[in-house]
Every structure is written in C-alpha cells, then in structure tokens.
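J.: Pasted the sequence and its predicted model underneath.
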Amino acid sequence: MKIKKAELKGVYVHIKELPWGDLPEIAIVGRSNVGKSSLINKLVNRKNLARSSSTPGKTRTINYYLINDSWYLVDLPGYGYARVSRQEQAKWGKFTEKYLTTRQQLRGILHLVDVRHPPSKDDILVQSWLLHNELPVLCVATKADKISRGARGKHIAVIKKDLNLPPGVEPLCFSTVTGSGVEELRQAIEEILQPEAMLSPED
C-alpha cells in the first residue's frame, strides 16, 4: 500500500458526531504512552499529522485521519494512565466500547503494546475483550528499536503468552525510529481493507 495523502478529518467527543458514509475504518487502541501518534505519523510518512500530548492520558477524543481519500485511520483514547480518575477512565472506556461494538464501518483494530514490557493488566483486559466480542484485531508491538534483535524473540513470546494469542499468530514488531515493520503494517492494513477479507482473531 502506498499512502499518498493523509489528513486530519475531525476530532470528536460523541459517537453521534462521527463521519457519515461507508468508508472503511481501521481503529488504533493502546495505552496512553504506547506511541500511537508516532506510529500514525510513521505509517503515513508525515512528521506532525498526529500530535503527541506532553501529558499521557490527556487525549480524550476520537481522532479521524482520512487516508488516500478512501479509508479512515481512527485513533481512540488511550487507556491505563494512572493519574486519570477512575470515573474519567470509565467514561473513556464506555466511549471506546460503544464505538468498537456499534461502528459498522469498522474493518479492523490495531492493538498496540510496548514490546519492552510484559503486557499490562489493561492490555490483557482489552485484548480479551476484543477477542470475546469477536472483533478483528492485529497486535502491534511498538518501540522495537529499544531492545536488541537477539532479545526480541523472548519479549514477543511473553506478549503472545500473556495476551493468549492464537497459535501461529505473531505480534508485528514496529519501530518509528528505524522504520522496522512499517511496510509490513501497511500491507496488513491493505489486506484488512480488501472486500470480504476482514482479519479474524484466528488468522
């Protein structure tokens, strides 16, 4: 997939505000500090399309990026930031859950986890919830440049075990610094966007 055009289409705080139409959507979920904005910028080859907040957990909106005038990359609010009140976390959770379970244009989900650390309780809960609801999900292990290639296999094995990924399913290692995994992620998204080719949890 070649990404020739990418633009921020809108920032929304209510489900009813989301764009109309039938353009397919790929959603991104992950912890507040997992590198969602950096991944978006690297994926579309733009430096500042997605802005990282200086305060993790500050982003409380659904951000829509229109790609190639043909599909949306949807950045959902990050989860798991301790300084955010439980009431606020619950509010974001319901917001995200409603989007994931009701948005008919949704074709696939990129679940981002930090490859350097074992999945958090929130990572595990989110992955379990996605699989329980039979939502199509691809696990992406970010910040791959922070560990050596020799240690990468051990870290990936822990992620696979803790997230209970199906046999044969590997997290996609990704680095915004080296560009590792960028083309693979673009290809995976292209496959997900193919008509009648939604990524299933067993694929």
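T.: Arrived safely, thanks for sending.
J.: can you list the weak-confidence ranges in this protein?
T.: Scanning the chain with the threshold set as pLDDT under 70 gives 52-59, 80-92, 196-203.
J.: In it, spot the strand with the most residues.
T.: strand 106-114 (DSSP state E).
J.: For this structure, which segments count as strands?
T.: Using DSSP E, strands in the chain cover 6-12, 25-30, 62-67, 71-75, 106-114, 137-142, 172-173.
J.: Which other helices and strands does the last one contact?
T.: Counting by 3 or more C-beta pairs under 8 Å, 6 or more residues apart in numbering; DSSP states H and E, the packing neighbours recorded for strand 172-173 are strand 137-142, helix 182-193. For the C-beta atoms, the positions are set from N, CA and C on the backbone; glycine is no exception.
J.: buried set for the last one?
T.: So that's helix 182-193. 182, 185, 188-189, 192-193 (16 or more other C-beta atoms under 10 Å).
J.: For the residues you listed, could you give me JSON lines that also reports distance to Val169?
T.: Formatted as JSON lines, those follow (distance: C-beta to C-beta, whole Å):
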{"residue": "Val182", "distance to Val169": "20"}
{"residue": "Leu185", "distance to Val169": "15"}
{"residue": "Ala188", "distance to Val169": "12"}
{"residue": "Ile189", "distance to Val169": "17"}
{"residue": "Ile192", "distance to Val169": "14"}
{"residue": "Leu193", "distance to Val169": "19"}
